[in-house]
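> Generate a structure from the sequence data that follows.
(one chain, ligands or ions: 1)
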Amino acid sequence: MAAFAPPPGTADIFPADAGTWRFLENTAAEVFSGYGYGELRTPIFEYTEVFQRGLGGETEVVQKEMYTFEDRGGRSLTLRPEGTAGVMRALTNTDVANGTEQRVFYYGPMFRGERPSAGRRRQFHQIGVENVGRCAALIDAECIAMLHSFLEKAGITGAVFTINTRGVAADRAPAEAHLREYFSKHISKMCDDCRTRLERNIWRILDCKQECCQEIIDQAPSYIDSFSEDSKAYFEEVKAALTALNVPFKVSPRLVRGLDYYVHTVFEVTHDALGEQIAIAGGGRYELFLPGEKKPLPGVGFAAGVERLIMVREALNAAVPDTAAADCYLIGLGADARMKNLILADKLRNGGKKIALELEERSFKAQMRSANRSGAALTVIRGESEMEKGIAIIKKMDDGSQCEVSENELFDYLLKHI
Ligand code: HAM
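Next comes the predicted model:
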């Protein structure tokens with residue numbers, strides 16, 4: 001490990017990469033606001049029970065992955081492992097409890113104590129949305145279509161959408177009985193984790209990745225047949241709306257998602273560039289009970305993993321908008337030229353331009369190298385002889401052509417040309 005590496009599973013984001021992050025965040029804000037979503041910022045840590053109750057005590061995230069600590073008063077706090085529970089906690093303080101729909105989006109860091117690997121971090125970042133207060137199949141379809149639109153605008157083409165239904169609470173018992181009957185017969189050939197899941201959370205068997213379990217799971221009977229007619233009709237309506245909205249999708253009864261709060265529609269997005277095991281986004285409809293609340297709040301939403309979106313963009317060679325590049329670089333030789341450049345840079349920056357310049361005494365060659373690195377389209381050169389003549393040389397960096405501009409006209413010239 002290098003001496004100053006950040007802790008495993010975390011990373012620094014340097015200016016050369018930050019442009020892509022900002023591009024993704026800005027694209028998200030633009031797309032989501034077109035659907036009536038506004039930004040919500042919630043704390044990075046919450047009382048632990050917000051996640052325990054929200055995500056479900058049996059989930060892997062709650063059992064194994066949360067960063068939990070006590071504050072000075074002995075209250076248990078947890079770094080947020082995801083955004084939904086905190087958003088719901090925040091929204092209970094609004095009029096959402098009276099049935100008013102709330103549409104919010106968020107982005108920021110999330111924390112899970114997972115084993116770090118490519119695309120799996122301990123601090124990762126999500127861009128997510130929650131549509132809270134209402135329950136309708138068309139809302140679910142609109143939400144999925146919005147994710148589709150965001151990915152396309154973010155330069156991620158070819159994403160694969162998989163959807164499924166989890167029914168509602170009343171559908172679960174008959175479906176579980178169905179599944180238990182089947183898996184009990186085969187459990188001796190299945191992995192250790194699936195044996196535990198058979199007792200504790202049979203649904204998780206369906207997304208087991210172990211080789212020895214695949215065939216058995218693939219041949220499991222369709223539990224959706226045992227769902228109520230209403231739940232089946234709900235799912236049909238979601239599928240019909242997605243087709244009408246031109247969102248390509250496939251259905252997989254094996255998609256159950258890792259968090260307990262889901263009902264009805266669940267979905268996950270993958271991309272060939274990362275393979276089927278690494279989801280770039282996931283979400284679904286949910287009902288969340290919050291501390292002190294007797295009625296669960298309905299909602300639907302998703303979160304996309306920013307690091308994974310960036311991995312796909314890189315695999316696709318999607319153009320990275322170079323937001324760090326300067327518009328203009330100012331080269332100065334001699335104290336007077338540097339002072340003039342400092343003042344000119346200040347004025348241009350106030351005029352909205354991005355300026356890089358050299359403020360130390362360095363050779364012309366060294367400054368020219370920096371100018372090349374800055375990405376500026378124009379470089380202003382002022383040496384002693386230019387200062388004497390009251391002019392500056394303007395060099396176009398793409399073709400190397402040069403012209404002279406008088407000092408009095410320099411500011412206006414640059415405002416116009418950069
Ligand atoms: P999730 O599937 O746990 O859902 O996470 C959503 C996305 O976050 C994943 O698809 C993945 O891209 C990214 N992600 C998760 N864990 C990691 C990790 N360790 N390293 C890198 N990226 C990761 C949720 O969090 C739900 N709150 C989504 C939701 C919103 N459902 C309804 N509303």
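
> if I pick the residue of the stretch 101-250 of the chain found nearest the ligand, what's in contact with it?
Distances between the stretch 101-250 of the chain and the ligand by Cβ to the nearest ligand atom are smallest at residue 124, namely 3.4 Å. (Each C-beta comes from the backbone N, C-alpha and C, glycine too.) Going by Cβ atoms under 8 Å, 6 or more residues apart in numbering, residue 124 touches 109-110, 112, 305-307.

> so which of the residues you listed are also by the ligand?
Checked against the ligand using Cβ under 6 Å from any ligand atom, those yield the following neighbours: 112, 305, 307.

> Grab the nearest non-local neighbour of the first one.
Counting by Cβ to Cβ, 6 or more residues apart in numbering, the nearest residue to residue 112 once its immediate chain neighbours are dropped is residue 65, at 4.2 Å.

> again with the last one
Counting by Cβ to Cβ, 6+ apart, residue 124 is the residue found nearest to residue 307 once chain neighbours are left out, at 5.5 Å.

> With residue 108 as the reference, measure out to the residue nearest to residue 112.
Using Cβ to Cβ, to the nearest Å, we find residue 65 at a distance of 18 Å from residue 108.

> Identify the residues contacting residue 194.
Contacts of residue 194 were listed using Cβ under 8 Å, 6+ apart, and they are 183, 187, 205, 208, 210, 213.

> Bridge partners for whatever residue of the stretch 301-418 of the chain ends up closest to the ligand, pull those for me.
Residue nearest to the ligand within the stretch 301-418 of the chain: residue 305 (2.4 Å; Cβ to the nearest ligand atom). Counting by DSSP bridges, residue 305 forms beta bridges with residue 126.

> about what we covered before: just among the ones next to the ligand among the contacts of residue 124, which is most surrounded?
Highest neighbour count within these, by other Cβ atoms under 10 Å: residue 305, with 22 neighbours.

> Show the pLDDT at that residue.
You'll see residue 305 listed with a pLDDT of 98.

> quick one, what contacts it?
Residue 305 touches 119, 124-126, 279-281, counting by Cβ under 8 Å, 6+ apart.

> That one and residue 280, how far apart?
For residue 305, the distance to residue 280 equals 6 Å [Cβ to Cβ].

> Tabulate the CA atom coordinates of stretch 164-174 in CSV.
Coordinates of the C-alpha atoms in stretch 164-174 are reproduced here as CSV (Å, rounded to 0.1, in the frame of the first residue of the first chain):
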residue,chain,number,x,y,z
ASN,A,164,-39.9,-8.5,-11.7
THR,A,165,-42.7,-8.3,-9.2
ARG,A,166,-42.5,-9.1,-5.5
GLY,A,167,-46.3,-8.8,-5.0
VAL,A,168,-47.6,-7.4,-1.7
ALA,A,169,-47.3,-8.7,1.9
ALA,A,170,-50.4,-10.9,1.6
ASP,A,171,-48.9,-12.6,-1.5
ARG,A,172,-45.8,-13.6,0.2
ALA,A,173,-47.0,-16.5,2.5
PRO,A,174,-48.5,-18.6,-0.3
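
> what's the spacing between that stretch and its chain's center?
Averaging C-alpha coordinates over stretch 164-174 and over its chain gives two centres that are 29 Å apart (Cα atoms, centre = their mean, to the nearest Å).

> what does that stretch contact?
Here stretch 164-174 has contacts from 175, 203, 224, 226-228, 231-232, 234-235, 238, 251-257, 262-267, 284, using Cβ under 8 Å, 6+ apart.

> now swap in stretch 82-92 and tell me
For stretch 82-92, contacts defined as Cβ under 8 Å, 6+ apart pick out 40, 42-43, 46, 50-51, 53-55, 61, 80, 102, 104, 106, 108, 110, 126, 128, 130, 132-133, 259, 261, 286, 288, 290, 293, 297, 299, 301, 303.

> can you tell me how far the residue of the stretch 301-418 of the chain closest to the ligand sits from residue 274?
Taking Cβ to Cβ as the criterion, residue 305 is separated from residue 274 by 10 Å.

> joint contacts of these two?
Common neighbours of residue 305 and residue 274, using Cβ under 8 Å, 6+ apart, are 119, 280.

> Touching, the residue nearest to residue 112 and residue 110? I think so.
No. Residue 65 is not in contact with residue 110 according to Cβ atoms under 8 Å; the separation is 10.4 Å.

> Give the residues shared as contacts by these two.
Counting by Cβ under 8 Å, 6+ apart, the contacts common to residue 65 and residue 110 are residue 81.

> Please enumerate residues in contact with stretch 128-143?
Applying Cβ under 8 Å, 6+ apart, the contact partners of stretch 128-143 are 32, 35, 37, 83-84, 87-88, 91, 96, 99-107, 146, 234-235, 237-238, 241-242, 245, 247, 264-265, 283-285, 297-304.
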